[in-house]
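Student: my questions are about this predicted structure, shown below with the sequence.
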Amino acid sequence: NAGVTQTPKFQVLKTGQSMTLQCAQDMNHEYMSWYRQDPGMGLRLIHYSVGAGITDQGEVPNGYNVSRSTTEDFPLRLLSAAPSQTSVYFCASSYSSAGETQYFGPGTRLLVL
Amino acid sequence: AQTVTQSQPEMSVQEAETVTLSCTYDTSESNYYLFWYKQPPSRQMILVIRQEAYKQQNATENRFSVNFQKAAKSFSLKISDSQLGDTAMYFCAFFRSGTYKYIFGTGTRLKVLA
């Protein structure tokens, strides 16, 4: 059981480039989410999904897209990277969307120059 | 909108001592869940404790316990017999049923001193 995995661990982008952060879980969890962590601001929800084919926006969705074609995978796409998107990104999953414990991936550190 | 406030950005405690981290939240709902997560220097987020709002009994997990005051909207974390491995950032989080969104506080950085 690998839990929640994220790739890459670290990435450097130039302004305007696009990329996809990968997230996968092997626990058959229905709920998945993406957060960004910035100093002094805690974790802020970017997008979430309550099941395959269902996604919605969180607190800070601008500049990011998601899709959920399978239960296991929940990629986060940066359409045109900006320096303001420099952050640490966490993917998380939980069994359901009913207040269950979330399990987090190890995070992806993104630097946009 | 729900908010979660952690008013102590940084704290320190001597090894083997007890420390309490504070968390307050704002909601008008009655059905919700509260969490404490630990983030050590490795950056991995780890669940410390979970509390269901409808349960009056405070949750405990070994050396970790909470003081859940529903009327005061307070959810503090007590760490007993602090260990060097407890050095980490601690985040309080709130989830209201039906919203599908977890709201996190800004965190408290705890340092355990030898």
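Tutor: Sure thing, it's come through.

Student: quick one: the strands in the chain, in order.
Tutor: Let's take chain A. Along chain A, counting by DSSP state E, strands occupy A:4-7, A:10-13, A:19-25, A:31-37, A:43-51, A:54-57, A:64-66, A:76-78, A:87-94, A:103-104, A:108-112.

Student: correction: the question concerned chain B.
Tutor: Taking DSSP E, the strands of chain B run over residues B:3-5, B:10-14, B:19-21, B:24-26, B:32-39, B:46-52, B:60-61, B:64-69, B:74-79, B:88-96, B:102-104, B:108-113.

Student: grab the nearest non-local neighbour of the most centrally placed residue in chain A.
Tutor: With the centre of chain A defined as its mean C-alpha position, the nearest residue by Cα atoms, centre = their mean is residue A:34, 3.0 Å away. Sequence neighbours aside, residue A:46 is the residue nearest to residue A:34 in space, at 4.4 Å (criterion: Cβ to Cβ, 6 or more residues apart in numbering or on different chains). Yep, even glycine has a C-beta here, placed from its N, CA and C like the rest.

Student: the one you found against residue A:62, yeah?
Tutor: No. Counting by Cβ atoms under 8 Å, residue A:46 stays clear of residue A:62, with 9.2 Å between them.

Student: for the closest residue to residue B:10 other than its chain neighbours, give me the pLDDT.
Tutor: Once flanking residues are discounted, residue B:10 sits nearest to residue B:109: 4.7 Å by Cβ to Cβ, 6+ apart. At residue B:109, the model reports a pLDDT of 97.

Student: and for residue B:28?
Tutor: So, for residue B:28, pLDDT stands at 89.

Student: try residue B:1
Tutor: pLDDT at residue B:1 comes out at 66.

Student: what do you get for residue B:77?
Tutor: pLDDT, residue B:77: 98.

Student: in the sheet, who's paired with it?
Tutor: Beta-bridge partners recorded for residue B:77 (DSSP bridges): residue B:21, residue B:66.

Student: what residues does chain A have near chain B?
Tutor: Proximity of chain A to chain B, by Cβ under 8 Å from any Cβ of the partner chain, involves residues A:31, A:33, A:35, A:40-45, A:48, A:50, A:56, A:58-59, A:88, A:90, A:92, A:97-99, A:101-104, A:106-107.

Student: for PyMOL, write the select line for the buried members of these.
Tutor: The following PyMOL line selects those of those that are buried, judged by 16 or more other Cβ atoms under 10 Å in any protein chain shown:
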select buried, chain A and resi 31+33+35+42+43+44+45+48+50+58+88+90+92+97+99+102+103+104+106+107
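
Student: go ahead and measure how far stretch B:9-23 is from the middle of the chain.
Tutor: Its chain's C-alpha centre and that of stretch B:9-23 lie 12 Å apart, by Cα atoms, centre = their mean, to the nearest Å.
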